[in-house]
Each structure stands twice: as structure tokens, then as C-alpha cells.
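K.L.:
Sharing a model that was predicted from the sequence below.
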Amino acid sequence: MGENEKEIVFSQAIKAGKRIYYIDVKKNRKEEMYISITESKKIVSGEGDDATVTFEKHKIFLYKEDFEKFATSLKEAIGFITANQGEYQPRYNYEPRQDSEKANGESEYNSDIKIDIDF
């Protein structure tokens, strides 16, 4: 593991159409755990044999002191949408999985990756 890489101790992947959401629990150098949420979106450029596939990634990091506020706000936002647009109608087959075998950071979705992180 490289000096800047953090240890992944728990991971889930959620497939949603052209997107995949990764929810990873990582440890920093002080052995403190935090959540890393990554949205990976498949981008296809060109057509036929000239098509190239890349993945655009966006990440957020959530630390334990913010868990309660984040969870409360997310629940309220979901409640607001449900109250204004009705109950959720699934578009995708969602089967969360605990990906402990891939805890070393490897993924079956590895490919050329374009990283776009805004701070």
C-alpha cells in the first residue's frame, strides 16, 4: 500500500445504471475510521471500434463527527422528495453487497480512470 493510500476496512458497491457508487470505510494514519463515498460514471466517447471507455469519479469524505448531521439531513431530503413526488419506484435491481474480499482497494470495475475532484 502506498504512503498516501488509506486502508479500506469495509466496502460496498452499488450499481445504478451507468453509475457505480462505492461506500468505503477507511482508516487514516492515526487508525481513525471515516467514510469515503465515490460516484463512478462510465463515459463512452466515439462509436464502434473507435469507442473509448473512461470513468469519471467524484468523492466525498465523511468523518465521524459529522455522521449524525449528514444522516439527519439525508433522511430529511429523502422525506421531502417522497412527500412531494410520492414513494420511490425502483429503476434498478439493487442488491447491496459487502465487499470484504476486495478490501485491499481492488475492484472488478478497474479501467482507465479520469479523476475529477473539486474542493
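P.N.:
Looks like it came in fine.
K.L.:
Surely residue 25 touches residue 6?
P.N.:
No - using CB atoms under 8 Å, residue 25 is not in contact with residue 6; the gap is 9.9 Å. Backbone N, C-alpha and C define where each C-beta goes, glycine included.
K.L.:
Quick check: neighbours shared by these two?
P.N.:
Shared contacts of residue 25 and residue 6 (CB atoms under 8 Å, 6 or more residues apart in numbering): residue 36.
K.L.:
what secondary structure does residue 44 sit in?
P.N.:
Judged by DSSP: H, G, I helix; E, B strand; the rest coil, the three-state class of residue 44 is strand.
K.L.:
show me the contacts for it.
P.N.:
Per CB under 8 Å, 6+ apart, neighbours of residue 44: 51, 52, 53.
K.L.:
Recalculate using a threshold of 10 Å.
P.N.:
When contacts are counted by CB atoms under 10 Å, 6 or more residues apart in numbering, residue 44 touches 18, 51, 52, 53, 54.
K.L.:
Return the member of the residues you listed nearest to residue 45.
P.N.:
Checking the contacts of residue 44 against residue 45 by CB to CB gives residue 52 as the nearest, at 5.0 Å.
K.L.:
list the contacts for that closest one?
P.N.:
Applying CB under 10 Å, 6+ apart, the residues near residue 52 are 43, 44, 45, 46, 112.
K.L.:
Need the per-residue pLDDT for the last one.
P.N.:
To tie it back to what came earlier, the one meant is residue 112. pLDDT recorded at residue 112 is 46.
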